[in-house]
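Asks: this one's structure only:
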């Protein structure tokens, strides 16, 4: 069985119909479990209770970057192989990514204020995240502005390629510029830099929940886009008849 079989809208709808309930259930259990578990963790000796924002901030930031990467892959598949489901999946993912980026920016400001003494700083990672959010908004606006779906998919695919630079900067900015206020990665495999297990395990659960939540939402939205395109095709056929 080839993976390209799922580029067929009928096959995609049939497969995801049985998969969606499991994804929704898994997302609900992991998100609620991770966030509640994280809320019940003890206070950090330096950051106090504000450290608990990590269970929302880190998963949202992780998904904000990875959703753009997913959109890039889907856009490349559209550009190279012209599979409509991949273009619709990229379109469906953009609003979810924009919300995740906004959550990461908001929780970062709330977390950073008591630590840095300011709600906002033109830190390399914060600035690149803000630019990434603007790319999400521009991507969504471009899809809405272009009437022809294939032309919109082509143009947004190019925009996705350009925006990928800022997605990478959002992830690795603290490695390129040491003068930023933002701390290094919350999760690290380097000796002596690992987060305490008290915080690490609920964070893993929350991250898994956010991943499952994204998969559930993007499948729901892609299915909606497929139905919308089918309805538009039927309406156009009736007008020609």
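Replies: That came in fine, so what should we check first? On a predicted model such as this, the values are computed, not experimentally measured, just so you know.

Asks: use CA for all of it now, contacts and neighbours both
Replies: Fine.

Asks: Show me where the protein dips below the pLDDT cut-off.
Replies: Low-confidence segments of the chain, defined by pLDDT under 70: 1-3, 6, 44-48, 169-195, 241.

Asks: go again using 80 as the cut-off
Replies: 1-7, 43-50, 112-125, 165-197, 232-233, 235-241 (pLDDT under 80).

Asks: all helices of it, in order?
Replies: 9-39, 54-81, 84-116, 124-145, 149-176, 197-240 (DSSP state H).

Asks: Skipping its backbone neighbours, what lies nearest residue 65 in space?
Replies: Distances taken as CA to CA, 6 or more residues apart in numbering place residue 167 nearest to residue 65, at 5.4 Å, with adjacent residues excluded.

Asks: Next: residue 71.
Replies: Distances taken as CA to CA, 6+ apart place residue 90 nearest to residue 71, at 4.6 Å, with adjacent residues excluded.

Asks: gap between residue 130 and residue 226?
Replies: 31 Å (CA to CA, to the nearest Å).

Asks: now do residue 58
Replies: 32 Å.

Asks: The residue nearest to residue 65 reaches residue 132, doesn't it?
Replies: Yes. Counting by CA atoms under 8 Å, residue 167 does reach residue 132; the two are 6.3 Å apart.

Asks: Now residue 8: phi and psi?
Replies: The phi/psi pair for residue 8 (degrees, to the nearest 10) reads phi -80, psi 120.

Asks: burial of it, as a residue count?
Replies: Residues lying near residue 8 (other CA atoms under 10 Å) number 12.

Asks: Who are the contact partners of residue 131?
Replies: Residue 131 is in contact with residue 166, counting by CA atoms under 8 Å, 6 or more residues apart in numbering.
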